[in-house]
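Student: I need the structure of the sequence given here:
(chains A and B)
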Amino acid sequence: MRAVIPVENNDTLAAVRGFLRQLLEEQVVDVLLVPMEISAGGRRSGVIPALVADPDLLSAANPLAPVMGMNAAHVAGRVSIREPRGRVGAVLRSCELRALVELVKLQQVSLDDLVTIGIDCLGTYDVPVYGAIQDDGDLDVAALLATAHSGDLAPQEGYAFRDACQMCEKPHVEGADITLELLGADMTAGVPVTLPDEVAEKLGLVSEGEDGRRADPSASLRAGVVEKVVSARTQVRDARFAEIRGRLQEEGIEEVFAVCARCYNCMSVCPICYCKQCLLKSHVFDHEPIQYVNWARRKGAYRLPPNAMIFHLIRLNHMALSCVGCGMCTSDCPAELPVGLVFRATGARVQEAFDYVPGRSVEEPLPLITFREDEWEGVAE
Amino acid sequence: MTSNFEPRIIALLCNWCTYTAADTAGISRLQYPPNADIIRVMCSGSVDPTYVLKPLLGGVDGILIGGCHPGDCHYQSGNYKARRRIVALKEILKSVGFDEERIWLRWISGSEAGYFAEVVTQMTEFLKEKGPNPTRQKWTV
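Tutor: Predicted structure coming up:
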């Protein structure tokens, strides 16, 4: 059912916090995995996911903060994967929810006691940029929320969204248990929410329209606004894909990733890379010292640290099909390499080949664990 | 390419079929180019893409993966899974600018010694035509 969380005094964040508080107080869930504001030195406040049990602490919850320091799907497995566990409500933006769906299929997250609370994403900043915005004045929350209403998603003047967000054509949440539908909504009036009837009843929310005062036209607006955002972002995405694909064909991955120091950041922050021990961090590819010398003699020189390209190619093999394009890899690359763009553009090709959309459904099997007998007959003779 | 270029092929062959075919080819004294270094694996489905990537980026000219004909896998479905993995690997390599044609997947049963010799011959000729794998001399890879 679709209801509206009433907003008072134009304080949308307070309304969202109140809604989350109700979820705990009415025992819809035992704990909430939610982005929390945290003092980060000076005037800056950071945002980091935390598992919140005390409703009073939700006064620091901020799912509207446009900053992404990590993909929260990465930690959802920790609190859900086996019993005994609590009933966890996980507040996730759309790319986090899509990553979560992939992790369920990779058997790293369990949905059994997990309530997914999706929230439409209006775009996010890198952590240092979010800090700089606070240093320079402050984030204009009202202006940000207004972009949701119009569908003209844009960063604050003088700043840029994260690279991945600029080309994200899926900022709208699909398939969550509870969805805060920001796109198309006038959030000075209320925040539309889609939720199961029994949860709405517990929280005392009535279907929109039944309550004359809160009848909200945004239900019909959402579809149009989503379409507008998707079409604008798809254009950006396609242009970026064309650019990087051109570079890859012309220069090859070894030039695009030429200065990769193989620091493993992209792997550490990737929600899909779940291995406890990465093959590339093991001793599997270690060689005797003389072997490196021999390679150096043969090639004239030998790149160190070794296996940087193999690292990226193996990682591509492991996660390209499930890449949801959250772009944390790009955000955390110290060399500012277009890691996420390469992975998304490549992932898109492989996903197309298997007609697979990561994050679409937990029912859809991962392409590499299934097969059909009558397919790809030209690949082998 | 220079006529004296001899491509080096790593052949990852299924224990139950293509490896037997290679063995039979030897026993039958079939003549075929000596360019393939054979590594026996238990199933084409056990070929991790890593086994293909490491030699390919190290400068080997071609990788041959030999498995049982569809429907004949000793482990029921290993070859079907191998096929999907190779499709994904080739898409990725193509996408990032590597020559995916250097990877061949072939179904060769234990009794097809002649076909095995033919495939190795074809692949050797194909790679001679193509020339050496550029990664062999590139220090940046």
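
Student: for chain B, which spans come out with low pLDDT?
Tutor: Along chain B, the parts satisfying pLDDT under 70 run over B:1-3.

Student: for residue A:118, helix, strand, or coil?
Tutor: The local conformation at residue A:118, judged by DSSP: H, G, I helix; E, B strand; the rest coil, is strand.

Student: check residue B:12 too.
Tutor: strand.

Student: go ahead and confirm it touches residue B:63.
Tutor: Yes - at 6.9 Å, residue B:12 and residue B:63 qualify as touching, with contact defined as C-beta atoms under 8 Å. Placement of C-beta: from N, CA and C, glycine included.

Student: please enumerate the shared neighbours of these two.
Tutor: residue B:52 (C-beta atoms under 8 Å, 6 or more residues apart in numbering or on different chains).

Student: which residues in chain B form strands?
Tutor: Counting by DSSP state E, chain B has these strands, from start to end: B:9-14, B:36-41, B:62-67, B:103-107.

Student: how about those in JSON lines, adding mean neighbour count?
Tutor: Shown next, in JSON lines, are the strands of chain B (neighbours: other C-beta atoms under 10 Å in any protein chain shown):
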{"stretch": "strand B:9-14", "mean neighbour count": "25"}
{"stretch": "strand B:36-41", "mean neighbour count": "17"}
{"stretch": "strand B:62-67", "mean neighbour count": "27"}
{"stretch": "strand B:103-107", "mean neighbour count": "23"}
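
Student: nearest to chain A, out of those?
Tutor: Evaluated with C-beta to the nearest C-beta, these place strand B:103-107 nearest to chain A, the distance being 4.0 Å.

Student: how far off strand B:9-14 does that closest one point, in degrees?
Tutor: Our comparison of strand B:103-107 with strand B:9-14, counting by axes from the mean of the first three to the mean of the last three C-alpha atoms, to 10 degrees, yields an angle of 30 degrees.

Student: and strand B:103-107, does that touch chain A?
Tutor: Yes - residues of strand B:103-107 contacting chain A under C-beta under 8 Å from any C-beta of the partner chain: B:105, B:106, B:107.

Student: is it correct that the first one is in contact with residue B:83?
Tutor: The reference is to residue B:105. Yes - applying C-beta under 8 Å as the test, residue B:105 and residue B:83 come out as touching, 6.6 Å apart.

Student: give me the common contacts of the two.
Tutor: By the contact definition C-beta under 8 Å, 6+ apart, residue B:105 and residue B:83 are jointly contacted by A:379, A:380.

Student: how close does residue A:27 get to residue A:202?
Tutor: Relative to residue A:202, residue A:27 is positioned 8 Å away (C-beta to C-beta, to the nearest Å).

Student: so those two - more neighbours on which side?
Tutor: When neighbours are counted by other C-beta atoms under 10 Å in any protein chain shown, residue A:27 and residue A:202 differ, and residue A:202 comes out ahead with 16 against 9.

Student: coming back round to it: would TSV of the strands of chain B with distance to residue A:232 be doable?
Tutor: Compiled in TSV, the strands of chain B are given as follows (distance: least, C-beta to C-beta, whole Å):
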stretch	distance to residue A:232
strand B:9-14	47
strand B:36-41	49
strand B:62-67	43
strand B:103-107	39
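
Student: can you say which of those strands is nearest to residue A:272?
Tutor: The stretch from the strands of chain B with the least distance to residue A:272 (C-beta to C-beta) is strand B:103-107; that distance is 24.1 Å.

Student: got the contact list for that closest one?
Tutor: The set of residues external to strand B:103-107 that reach it, using C-beta under 8 Å, 6+ apart, is A:379-381, B:17-18, B:44, B:52, B:56, B:62-70, B:79, B:82-83, B:86, B:89-90, B:93, B:119, B:123.

Student: any of these buried? List them.
Tutor: Buried members of the contacts of strand B:103-107, scored by 16 or more other C-beta atoms under 10 Å in any protein chain shown, are A:379-380, B:17-18, B:44, B:52, B:56, B:62-68, B:70, B:79, B:82-83, B:86, B:89-90, B:93, B:119, B:123.

Student: circling back: which stretch among the strands of chain B comes nearest residue A:206?
Tutor: For the strands of chain B, proximity to residue A:206 was assessed by C-beta to C-beta; strand B:103-107 is nearest, at 59.8 Å.

Student: only C-alpha atoms, please: export stretch A:68-87 in PDB.
Tutor: Coordinates of the C-alpha atoms in stretch A:68-87 are reproduced here as PDB (Å, rounded to 0.1, in the frame of the first residue of the first chain):
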ATOM      1  CA  MET A  68      28.500   7.500   0.000                       C
ATOM      2  CA  GLY A  69      31.600   6.300   1.800                       C
ATOM      3  CA  MET A  70      30.800   2.700   1.400                       C
ATOM      4  CA  ASN A  71      28.100   0.400  -0.100                       C
ATOM      5  CA  ALA A  72      26.100  -0.800   2.900                       C
ATOM      6  CA  ALA A  73      25.200  -4.100   1.200                       C
ATOM      7  CA  HIS A  74      28.900  -4.900   2.100                       C
ATOM      8  CA  VAL A  75      28.000  -5.100   5.800                       C
ATOM      9  CA  ALA A  76      24.500  -6.500   5.500                       C
ATOM     10  CA  GLY A  77      25.800 -10.100   5.400                       C
ATOM     11  CA  ARG A  78      27.500  -9.700   8.700                       C
ATOM     12  CA  VAL A  79      24.100  -9.200  10.500                       C
ATOM     13  CA  SER A  80      22.000 -11.600   8.500                       C
ATOM     14  CA  ILE A  81      23.900 -14.600   7.300                       C
ATOM     15  CA  ARG A  82      23.100 -17.100  10.000                       C
ATOM     16  CA  GLU A  83      20.900 -17.700  13.000                       C
ATOM     17  CA  PRO A  84      20.600 -16.600  15.800                       C
ATOM     18  CA  ARG A  85      20.100 -13.100  14.500                       C
ATOM     19  CA  GLY A  86      17.700 -10.200  15.000                       C
ATOM     20  CA  ARG A  87      15.100  -8.900  12.600                       C
END
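
Student: list the buried residues in that stretch.
Tutor: Going by 16+ other C-beta under 10 Å, stretch A:68-87 has these buried residues: A:68-77, A:79-80, A:85.

Student: just checking, residue B:65 touches residue B:12?
Tutor: Yes - the pair formed by residue B:65 and residue B:12 meets the contact definition of C-beta under 8 Å, at 5.0 Å.

Student: any shared contact partners between the two?
Tutor: Shared contacts of residue B:65 and residue B:12, counting by C-beta under 8 Å, 6+ apart, come down to B:44, B:47, B:52.

Student: inside helices: which ones of the buried residues of stretch A:68-87?
Tutor: Applying DSSP state H to those, the entries found in helices are A:73, A:74, A:75, A:76.

Student: wait, doesn't the third one sit right on residue A:33?
Tutor: In other words, residue A:75. Yes - using C-beta under 8 Å, residue A:75 is in contact with residue A:33, at 7.2 Å.

Student: overlap in contacts, the two.
Tutor: Joint contacts of residue A:75 and residue A:33 (C-beta under 8 Å, 6+ apart) are residue A:49.

Student: residues near residue 6, how many?
Tutor: Reading this off chain A. Around residue A:6 sit 15 other residues, with neighbours defined as other C-beta under 10 Å.

Student: correction: the question concerned chain B.
Tutor: Using other C-beta under 10 Å: residue B:6 sits among 13 other residues.

Student: OK, contacts around it?
Tutor: Taking C-beta under 8 Å, 6+ apart as the definition of contact, the neighbours of residue B:6 are B:35, B:128.

Student: against residue B:101, how distant is it?
Tutor: Remark: distance between residue B:6 and residue B:101 (C-beta to C-beta) = 18 Å.
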